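Engineer: Mind folding the following:
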Amino acid sequence: MGNALRLLYSRCFEHTTAGDSDSLGPHGVSSATVGVSALAQDLFHFDITSQVPEGLSKHVVSSKKAQANWYRKLVDAWKESKPPPKNPEEAARLIIQTLERHQKADVKGLLAFYGLPQPHALVETTFEPPTSLPEGVRFELHTLPVDAKAVADGDTITVYVSTSDPRESSFVPSHVHAAAVQRSEARSRRNYTEADALHQQIIDSGYRVINLQNEEVLARKYRIRLRGIDAPESKMPYGKEAKNELTRIVQGRSLRVLVYDEDRYGRVVGDIYCNGLFVQELMLKKGFAWHYTAYDKREELAIWEKEARAKRVGLWASSNPEKPWEWRKDQREGR
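Structural biologist: Here you go, the predicted structure:
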């Protein structure tokens, strides 16, 4: 338990101090990650010392004894969560669910102490992951953890699937297998120039060797287009925000992808589930995507977009946001 908390905290701290040192929060990390990293640090500290963090009493109404009770419960909840929270919303949900029987003022104060979203700010999701493959699904993917750089925009992600997956193992070209073996041998001889050249051959074939928990994994590359939604392009208003939101949802997570089709750009088109949540539902309810009615007629997607419009969240804060398909048409026609 302690090692897991320490590892998470150290990773968050290293990430923020590398690029966000100008916006450090009260726990010495940036405002973007203060909640998760600080909570991890304090749980690790409590697990060793049984001491709650200094300054918490200014944010809550209950005694130090009660606070210690909360932290014992949170330590246990963190232990049981697989995987543990990696973003502010997940950390907030863990606190809210764990302390649901405690005073609302204390829960809100604890969230405020860590800079985490308040209960009213969390998006409630309703769509359950299917237990069997829905009609029209061609195949299912289970990806390796997603890197932040793999998110191209608010509706496109590059993912990798291990070739140890039964479906993938039968499709790996023989020359890719051979190059992977030769690369491993070259690295054992410390001939890194040869190893890098062999890895480039693997990459050119649509694969990559990924280091995962100190183990090298040969994986196949897929570009995923989120089915049924269309997010603002990167150069459009809210394009950066849509990309950042999708990154926040999937970064570091393994995804379940139900593939329905392939588009003209070679991307597979599918529904994505992350940590039990339907990603398209989150993007629509947060107001960072349109329901792409030209290609998808699902009523629930239309309802989720309508909810975001009514709340004027995300891009709907603008009175007349430009539709991405119209923006792309204008770009093609040179307008």
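Engineer: can you tell me which helix or strand the residue lying closest to Q51 once chain neighbours are set aside belongs to?
Structural biologist: Closest residue to Q51 apart from its sequence neighbours, by Cβ to Cβ, 6 or more residues apart in numbering: H45 at 6.7 Å. Yep, even glycine has a C-beta here, placed from its N, CA and C like the rest. Using DSSP states H and E, H45 sits in helix 34-49.
Engineer: all strands of the chain, in order?
Structural biologist: Assigned by DSSP state E, the chain shows strands spanning 139-142, 151-153, 156-162, 207-212, 215-226, 229-230, 255-262, 268-274, 277-278, 290-291.
Engineer: how about those strands in TSV, adding distance to A92?
Structural biologist: Below are the strands of the chain laid out as TSV (distance: least, Cβ to Cβ, whole Å):
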stretch	distance to A92
strand 139-142	27
strand 151-153	22
strand 156-162	24
strand 207-212	28
strand 215-226	24
strand 229-230	24
strand 255-262	22
strand 268-274	16
strand 277-278	14
strand 290-291	27
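Engineer: Present the ones you listed as a markdown table; the columns should include distance to G314, mean pLDDT and mean neighbour count.
Structural biologist: Supplementary listing: the strands of the chain in a markdown table, determined by distance: least, Cβ to Cβ, whole Å; pLDDT from 0 to 100; neighbours: other Cβ atoms under 10 Å:
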| stretch | distance to G314 | mean pLDDT | mean neighbour count |
| --- | --- | --- | --- |
| strand 139-142 | 28 | 96 | 15 |
| strand 151-153 | 14 | 95 | 19 |
| strand 156-162 | 18 | 97 | 20 |
| strand 207-212 | 32 | 95 | 16 |
| strand 215-226 | 15 | 96 | 19 |
| strand 229-230 | 12 | 98 | 23 |
| strand 255-262 | 22 | 97 | 19 |
| strand 268-274 | 18 | 97 | 22 |
| strand 277-278 | 17 | 94 | 20 |
| strand 290-291 | 11 | 97 | 24 |
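Engineer: how does the protein divide into domains?
Structural biologist: Taking automatic domain parsing as the domain assignment, the ranges for the chain are 2-121, 139-161+219-329.
Engineer: Distance across the last one, terminal residue to terminal residue?
Structural biologist: For domain 139-161+219-329, the first-to-last residue distance is 32 Å (Cα to Cα, to the nearest Å).
Engineer: Tell me how far the residue lying closest to L277 once chain neighbours are set aside lies from R101.
Structural biologist: Computed as Cβ to Cβ, 6+ apart, the closest residue to L277 that is not its neighbour in sequence is T125, at 5.3 Å. From T125 across to R101, the span is 23 Å (Cβ to Cβ, to the nearest Å).
Engineer: Kindly report the same for S57.
Structural biologist: 21 Å.
Engineer: Let me know the outermost residue of the chain.
Structural biologist: R189 (37.2 Å; Cα atoms, centre = their mean).
Engineer: Ramachandran angles for it?
Structural biologist: Main-chain torsions, R189, degrees, to the nearest 10: phi -90, psi 0.
Engineer: how about the domains of the chain in JSON lines, adding distance to V172?
Structural biologist: Listed next are the domains of the chain as JSON lines, based on distance: least, Cβ to Cβ, whole Å:
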{"stretch": "domain 2-121", "distance to V172": "28"}
{"stretch": "domain 139-161+219-329", "distance to V172": "7"}
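Engineer: looking at those domains, which one has the lowest mean pLDDT?
Structural biologist: Mean pLDDT per stretch puts domain 2-121 lowest among these, at a mean of 79.
Engineer: Tell me the gap between that one and the middle of its chain.
Structural biologist: The chain centroid and the centroid of domain 2-121 are separated by 19 Å under Cα atoms, centre = their mean, to the nearest Å.
Engineer: try stretch 274-290
Structural biologist: 11 Å.
Engineer: With only the CA atoms kept, save that stretch in CSV.
Structural biologist: The C-alpha atoms that make up stretch 274-290 are tabulated as CSV, following Å, rounded to 0.1, in the frame of the first residue of the first chain:
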residue,chain,number,x,y,z
CYS,A,274,-12.3,3.8,-19.6
ASN,A,275,-12.4,2.5,-16.0
GLY,A,276,-16.0,1.4,-16.5
LEU,A,277,-17.1,4.8,-18.0
PHE,A,278,-18.3,5.4,-21.6
VAL,A,279,-15.9,8.0,-22.9
GLN,A,280,-18.3,9.4,-25.5
GLU,A,281,-20.9,10.1,-22.8
LEU,A,282,-18.3,12.0,-20.8
MET,A,283,-17.2,14.1,-23.8
LEU,A,284,-20.8,15.0,-24.7
LYS,A,285,-22.0,15.8,-21.2
LYS,A,286,-18.9,18.0,-20.5
GLY,A,287,-19.7,19.9,-23.7
PHE,A,288,-16.6,19.1,-25.6
ALA,A,289,-18.2,17.4,-28.6
TRP,A,290,-21.2,17.3,-30.9
